[in-house]
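Participant: quick one: sequence and predicted model below, then my questions.
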Amino acid sequence: MSRISEEQVKHVAHLARLAITEEEAQMLTDQLDKIITYAEQLNELNTDNVEPTAHVLEIKNVMREDRAKEGLPREEVLKNAPEHQDGQIKVPGIME
Amino acid sequence: MSLFEHKISELHELLHKRDLSVSDLVDESYKRIGEVEGKVQAFLTLDEENARAAAKALDEKVIQNKPTSKLYGLPIGIKDNIVTKGLRTTAASKILENFDPIYDATVIQKLKHAETVTIGKLNMDEFAMGSSNENSGFKKTYNPWNLDRVPGGSSGGSAASVAAGEVLFSLGSDTGGSIRQPASFCGVVGMKPTYGLVSRFGLIAFASSLDQIGPITRNVEDNAFLLKAIAGYDEMDSTSANVDIPDYIASMTGDIKGLRIAVPKEYLGEGVNEEVRKSVMDALVILERLGATWEEVSLPHSKYALATYYLLSSSEASANLARFDGVRYGYRSPNAENLLEMYKMTREEGFGEEVKRRIMLGTFALSAGYYDAHYKKAQKVRTLIKQDFEKVFEQYDVIVGPTAPTPAFKLGENTRDPMTMYANDILTIPVNLAGVPAISVPCGFDKGLPLGLQIIGRHFDESTVYKVAHAFEQATDFHKQQPEL
């Protein structure tokens, strides 16, 4: 039984904001299926009483003083923007 | 003889006595690049004009004051996922092809403080996803020991440039083996420090709970000098650890009498090449002769590390790479009619195949209905893998094994099936999952290709790792051999 269908792959591509081609959808269905099948070996392990590890060090809630700092200069921030106008980043239309 | 065959301490002495200038060192770098870069292809960007100007300024300064920093004037190469202000930084991705960073990573600030000279930015697998540099969006890098072979990855340019004598040393990053595996393939020394020892501020993020910056050098002592310069707490990285950085050099006494070494049977099992296995057994004989003892142990969850790693690292990557959307920086597709289309086409056109595959895997593993089965399950198995290491370290000082299951493979050999490429990292990945430090040092050759010995230590015990690596290096001469180019 396959772990992932081509329809699911297309849905995931939409979530990931990737305009994949039909060819890529087929290839990814096959490859992700193999990878997920491989990953299912983790189910051999009983992890009912195991805490998940998100982070290996015992660092928690790193706080800093709530103090305003100077931001970046506008010209610097816009330097790498693909398109900008009047000191603001410009994007294609959001609504019709 | 290349100037880079000298150790840092020797170069420092020569610079101090003014028998050598910083400009001489920078000349040596670009001269060598002129000779061999056409074959090795380690660099994505060279910064010659600025490097020569910096060298001149440092040479003038030394007339007033003797250098104090150990790394003063030394030519370094930087992996291209570490941002350098005003110097193009791409992470080897088309999506960042013309990215001009507006700040320096913390490690770069520290290197500037230590007065090193940046020679250029080094090739890598796109966003550090790969084990051969074949996933670079721009070019392939070739192994200086054999140009038909890969340099390893993802820090392939970092390892190849040091092995080829183009720079004295370099910085790489290691998420699942990306410093140690190319160091092994190129016959140089590569250290992945404890997670949190070196600030990740300004490292283009791949998998934030695993990524770590580290040094690649020609010998163990130099490696420790470079790590000392870049390590330390940074308020700009909330995962940075507030620990004292010891004097690593002081630990390199050559004396490892009574040291207890664990050798995991899983690291010498199936899939590990016979010559690799033999080089590790020979290394253990040498370490025994130096007064250490070793015993076989088990890290029983090793076989689950690869699956755990790919689920966790890809999930984290899918979140980290969401920022590349064509809005604030980087490539933007010119073909889109509206915002949603712009996002999708920018990412489709800007990312390479492997990066897209991992974003897809990560997005799937985190998506509704699959999160518990995949992502959370992997986080739990990560705990078991971490506990394997903790148990062994209750009774042993270091863990020793091979760095990679084989020597450098041929270009194109592993590109067809992603799973065979992934399997290359099977001996390095568990270390990142556990967050412990590990080094790769040269330990032999298989048909002219270098092999690496991996030495793994306890959290923040880089000192012991260096001590063992240094003792082994002093007892052997693998690190003295040079590729012929």
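Facilitator: It's in.
Participant: any idea how far residue A:74 is from the residue of chain A most remote from its centre?
Facilitator: Going by Cα atoms, centre = their mean, the residue of chain A most distant from its centre is residue A:86, 30.9 Å out. Residue A:86 sits 11 Å away from residue A:74, going by Cβ to Cβ, to the nearest Å. From N, CA and C alone the C-beta is placed, and that goes for glycine too.
Participant: one more: residue B:28?
Facilitator: Note on residue B:28: its distance to residue A:74, by Cβ to Cβ, is 42 Å.
Participant: look at those two and report which has more neighbours.
Facilitator: A count of neighbours by other Cβ atoms under 10 Å in any protein chain shown puts residue B:28 above the other of residue B:28 and residue A:74, at 19 against 11.
Participant: count the neighbours of residue 11 for me.
Facilitator: Reading this off chain A. Neighbourhood size, residue A:11 [other Cβ under 10 Å]: 14.
Participant: my question was about chain B, not that one.
Facilitator: Residue B:11 has 21 nearby residues by other Cβ under 10 Å.
Participant: quick check: it touching residue B:72?
Facilitator: No - if you go by Cβ atoms under 8 Å, residue B:11 and residue B:72 don't touch, sitting 9.2 Å apart.
Participant: look up phi and psi at residue B:202.
Facilitator: Note on residue B:202: its backbone torsions stand at phi 90, psi 0 [degrees, to the nearest 10].
Participant: report the contact partners of the closest residue in space to it that isn't next to it in sequence.
Facilitator: In space, and not counting its chain neighbours, residue B:202 is closest to residue B:105: 2.3 Å by Cβ to Cβ, 6 or more residues apart in numbering or on different chains. By Cβ atoms under 8 Å, 6 or more residues apart in numbering or on different chains, the contact list for residue B:105 reads B:82-84, B:199, B:201-203.
Participant: also residue B:367?
Facilitator: Counted by Cβ under 8 Å, 6+ apart, residue B:367 has contacts A:12, A:15.
Participant: please name the residues that touch residue 20.
Facilitator: In the absence of a named chain, this looks at chain A. Applying Cβ under 8 Å, 6+ apart to residue A:20 gives the contacts A:9-10, A:13, A:28, B:348, B:356.
Participant: ah, I was thinking of chain B
Facilitator: By Cβ under 8 Å, 6+ apart, the contact list for residue B:20 reads B:3, B:11, B:14.
Participant: report the separation between the one residue sitting closest to the centre of chain A and chain B.
Facilitator: Taking Cα atoms, centre = their mean, the centroid of chain A lies closest to residue A:16, which sits 6.5 Å from it. Look at residue A:16 and chain B: by Cβ to the nearest Cβ, to the nearest Å, they are 4 Å apart.
Participant: now do the SS call for residue B:261.
Facilitator: strand (DSSP: H, G, I helix; E, B strand; the rest coil).
Participant: so in terms of bridging, what pairs with it?
Facilitator: Counting by DSSP bridges, residue B:261 is bridged to residue B:294, residue B:398.
Participant: so what's it scoring on pLDDT?
Facilitator: Note on residue B:261: pLDDT of 98.
Participant: so where is chain B shaky, pLDDT-wise?
Facilitator: Applying pLDDT under 70 to chain B picks out no residues at all.
Participant: any idea which residue sits dead centre in it?
Facilitator: residue B:179 (2.2 Å).
Participant: how close does that residue sit to residue B:28?
Facilitator: Separation of residue B:179 from residue B:28 (Cβ to Cβ) stands at 24 Å.
Participant: same check on residue A:35?
Facilitator: Taken as Cβ to Cβ, the span from residue A:35 to residue B:28 is 45 Å.
Participant: and chain A, is stretch B:378-386 touching that?
Facilitator: Yes - shown here: stretch B:378-386 in contact with chain A (Cβ under 8 Å from any Cβ of the partner chain) through B:378-384, B:386.
Participant: can you redo those as a markdown table with distance to residue A:2, neighbour count and secondary structure?
Facilitator: Output for these, formatted as a markdown table (distance: Cβ to Cβ, whole Å; neighbours: other Cβ atoms under 10 Å in any protein chain shown; DSSP: H, G, I helix; E, B strand; the rest coil):
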| residue | distance to residue A:2 | neighbour count | secondary structure |
| --- | --- | --- | --- |
| B:378 | 21 | 26 | helix |
| B:379 | 25 | 21 | helix |
| B:380 | 25 | 20 | helix |
| B:381 | 24 | 28 | helix |
| B:382 | 27 | 29 | helix |
| B:383 | 30 | 20 | helix |
| B:384 | 28 | 19 | helix |
| B:386 | 33 | 18 | helix |
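Participant: widest-spaced pair of those?
Facilitator: B:378 and B:386 (12.5 Å; Cβ to Cβ).
Participant: what about the helices in chain A?
Facilitator: Along chain A, counting by DSSP state H, helices occupy A:6-15, A:22-39, A:74-78.
Participant: what's the last one in contact with?
Facilitator: Yep, that's helix A:74-78 we're talking about. Here helix A:74-78 makes contact (Cβ under 8 Å, 6+ apart) with A:84, A:87, A:89, B:102, B:328.
Participant: which residue lies closest in space to the first one, excluding its sequence neighbours?
Facilitator: Same thing as residue A:84. Leaving out its chain neighbours, the residue that sits closest to residue A:84 by Cβ to Cβ, 6+ apart is residue A:78, at 4.7 Å.
Participant: same check, this time on the third one
Facilitator: The spatially closest residue to residue A:89, leaving aside those adjacent along the chain, is residue A:81, at 4.9 Å (Cβ to Cβ, 6+ apart).
Participant: tell me the spacing between the one you found and residue B:336.
Facilitator: According to Cβ to Cβ, residue A:81 and residue B:336 sit 16 Å apart.
Participant: low-confidence bits of chain A, can you list those?
Facilitator: Short version for chain A, where the test is pLDDT under 70: A:1, A:96.
Participant: now with 80?
Facilitator: Residue ranges of chain A with pLDDT under 80: A:1-2, A:58-60, A:95-96.
Participant: report how many residues lie close to residue 79.
Facilitator: Assuming you mean chain A. Using other Cβ under 10 Å, residue A:79 has 15 neighbouring residues.
Participant: looking at chain B here, not the other one
Facilitator: When neighbours are counted by other Cβ under 10 Å, residue B:79 registers 32.
Participant: do the same with the one 4 residues further on
Facilitator: Applying other Cβ under 10 Å, we find 23 other residues in the vicinity of residue B:83.
Participant: ok, and the closest non-adjacent residue to it?
Facilitator: With Cβ to Cβ, 6+ apart as the criterion, residue B:83 has its nearest non-adjacent residue at 3.9 Å, and that residue is residue B:101.
Participant: and that neighbour, its phi and psi?
Facilitator: Residue B:101 adopts backbone torsions of phi -60, psi 150, taken as degrees, to the nearest 10.
Participant: near chain A, which residues of the stretch 1-150 of chain B are found?
Facilitator: So the stretch 1-150 of chain B meets chain A at B:98-100, B:102 (Cβ under 8 Å from any Cβ).
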